[in-house]
Structure formats: structure tokens, C-alpha cells
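>>> next come a sequence and a model predicted from it.
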Amino acid sequence: MNATVKSTLQLYERWAQVYPPVAHNPLMRAEQQSMLQMCPDVAGSRVLDLACGSGRYSRLLLEANAAHVVALDFCVPMLRQVSAASRICASMMHLPFQAAEFDCVVCGLALGHATDVREWMVEVARVLRPGGTLLYSDFHPEAVRAGMTRSFKDEGDATWTVPHHAYEIDCQRDAAAAAGLEIETLSEVRMGLELKEAFPGSEQIYRDWHGLPVVLSVRARK
Ligand SMILES: C[S@@+](CC[C@H](N)C(=O)[O-])C[C@H]1O[C@@H](n2cnc3c(N)ncnc32)[C@H](O)[C@@H]1O
């Protein structure tokens with residue numbers, strides 16, 4: 001495990017203590033709404049919740065009548081919170097599955113932790129059946145360029161920032177195409193527009209950053 005991956009894991013072990021299995025802030029609620037609008041009908045499907053965290057998408061997928069949901073993450077304290085799905089502790093860069101095992105792969109807010117976006121796409125495409133769907137989201141590269149970070153406050157109110165890569169949209173497109181995935185839909189959550197829920201200080205934030213895309217959601221088909 002390289003040093004960045006190790007420190008990412010240590011930070012998520014800490015974050016897991018305050019990471020409930022629901023969209024727990026305005027950005028996550030807007031991201032989830034965008035993802036659910038793009039989500040295919042998963043009834044009766046085998047779905048992989050990749051980098052599942054505490055399992056909010058696993059729960060939603062089972063509520064949408066997926067036949068089987070596998071929740072994979074490399075962080076045990078996150079996985080402990082996943083109640084409904086089958087849980088697997090592994091790296092999302094080396095998936096312990098056979099080719100074409102899943103009808104759908106869902107990955108919320110984690111692409112930026114891929115050590116190489118091309119390798120990530122190839123690995124995801126490998127476990128998808130032909131015609132299967134990949135649905136993923138993450139911080140928008142423009143938000144990262146504007147200085148936004150992936151940060152959280154722990155139980156003692158200390159702030160921590162998790163390192164991640166900002167893969168440009170063209171880079172994601174190229175990686176998808178090289179892996180045999182066709183991007184069907186791409187959706188942005190923009191400050192003050194799709195993301196407009198009130199919270200302390202939000203008026204100023206939405207004014208200062210108005211229109212900045214903060215989340216990118218993508219649906220691709222194999
Ligand atoms: C921001 S959280 C998102 C969790 C969940 N998908 C959600 O949307 O609520 C990112 C997750 O990615 C996981 N993660 C990061 N790098 C990973 C890797 N290389 N392999 C597997 N999981 C990873 C972390 O442990 C964490 O649970």
C-alpha cells in the first residue's frame with residue numbers, strides 16, 4: 001500500500017466514526033438526488049456498491065429491489081456500519097470478482113481516490129456484464145481547482161482533509177472509452193442552483209461561489 005493510500009485509509013477510519021449511512025450534509029443530499037435521477041431500474045439486478053462507505057447507496061439499492069447488493073470498501077470501520085448488503089473489504093483498484101458478475105456498479109464520491117483513473121475504469125468495466133451500467137459521482141474538478149477540499153470534523157471537532165485526485169472530465173471520458181464504457185449522461189450540481197439548501201452561512205457561500213459545479217455524476221454503459 002503506498003503512502004497516500006495508507007493515509008487515506010487512516011483518515012477514513014477516523015471519518016467512519018462520524019459518517020452515518022445516509023446523505024448527511026447538503027452537498028451529499030444534492031449529489032444523491034442527482035445520482036438517483038440517473039440511476040437505472042435495478043429491480044432484480046446484481047449491483048456492486050463500490051467504495052460503499054457506511055452503505056447509504058447499498059440501502060437505497062436494496063430499497064429499489066436490487067436482487068443482490070455487494071458493498072465493497074477498504075475501510076473496516078466504514079463496512080461495519082453496512083447492515084443489509086454482503087460486505088467485502090478490498091481495494092477498488094483490484095476487485096475480487098470474476099468478469100461480468102454485475103449488472104450495475106454504483107460508486108458515490110470516491111473516484112478521486114483511484115490511484116489511476118484508467119486502471120479504475122478497466123477494473124470496473126471488467127466486472128460489469130455487457131450492457132451493464134456504471135453510475136458514479138465525485139467532487140467536480142472545477143471545485144477542486146477553486147480550492148475546495150474533501151474535509152471533515154472528527155468527534156473532537158478537529159478538521160481533517162483527505163487527499164484525492166481531481167480527474168478532468170476529458171480524462172474521465174478517455175478512460176471510460178479506453179475501458180469499453182460509453183458515457184450516456186453527465187450531470188453537474190452547481191452552487192446556488194442544484195445545491196441551494198440553507199445552512200449557517202449558506203447565503204454568503206452561494207453568493208461567492210454562485211454557479212460553480214461542485215459535484216459531477218456520470219452514467220456509462222458497457
Ligand atoms: C467519501 S466516502 C463515500 C462513501 C459512500 N460511497 C457514499 O457515497 O456515502 C469514500 C469511500 O471510499 C473508500 N475508499 C477510498 N479509497 C478506496 C480504495 N482504494 N478502495 C476501496 N475503498 C476506498 C473510503 O474508505 C470511503 O468509505
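Noted; the coordinates are in hand.
>>> SS state for the nearest residue to K196 once chain neighbours are set aside?
Once flanking residues are discounted, K196 sits nearest to Y206: 6.5 Å by CB to CB, 6 or more residues apart in numbering. To be clear about C-beta, it is placed using only N, CA and C from the backbone, and glycine gets the same treatment. Put simply, Y206 is helix when judged by DSSP: H, G, I helix; E, B strand; the rest coil.
>>> can you name the residues that contact Y206?
Going by CB atoms under 8 Å, 6 or more residues apart in numbering, Y206 touches M191, G192, L195, K196.
>>> got the residues of the chain near the ligand?
Residues of the chain lying near the ligand by CB under 6 Å from any ligand atom: 5, 8, 12, 51-53, 56-57, 73-75, 78, 91-93, 108-110, 113.
>>> inside helices: which ones of those?
Cross-referencing those against helices under DSSP state H gives V5, T8, Y12, R56, Y57, M78.
>>> ok so, going back, are any of the residues of the chain next to the ligand buried, and if so which?
By neighbour count, with 16 or more other CB atoms under 10 Å, the residues of the chain next to the ligand hold 8, 12, 51-53, 56-57, 73-75, 78, 91-92, 108-110, 113 as buried.
>>> now the strands: where do they sit in the protein?
Listed in chain order, the strands of the chain (DSSP state E) span 46-50, 68-73, 86-89, 102-107, 128-139, 150-153, 159-162, 182-190, 213-221.
>>> mind putting these into JSON lines with distance to A23 and mean pLDDT?
Below are these laid out as JSON lines (distance: least, CB to CB, whole Å; pLDDT from 0 to 100):
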{"stretch": "strand 46-50", "distance to A23": "14", "mean pLDDT": "98"}
{"stretch": "strand 68-73", "distance to A23": "16", "mean pLDDT": "98"}
{"stretch": "strand 86-89", "distance to A23": "20", "mean pLDDT": "97"}
{"stretch": "strand 102-107", "distance to A23": "14", "mean pLDDT": "98"}
{"stretch": "strand 128-139", "distance to A23": "11", "mean pLDDT": "98"}
{"stretch": "strand 150-153", "distance to A23": "14", "mean pLDDT": "92"}
{"stretch": "strand 159-162", "distance to A23": "18", "mean pLDDT": "94"}
{"stretch": "strand 182-190", "distance to A23": "12", "mean pLDDT": "97"}
{"stretch": "strand 213-221", "distance to A23": "12", "mean pLDDT": "98"}
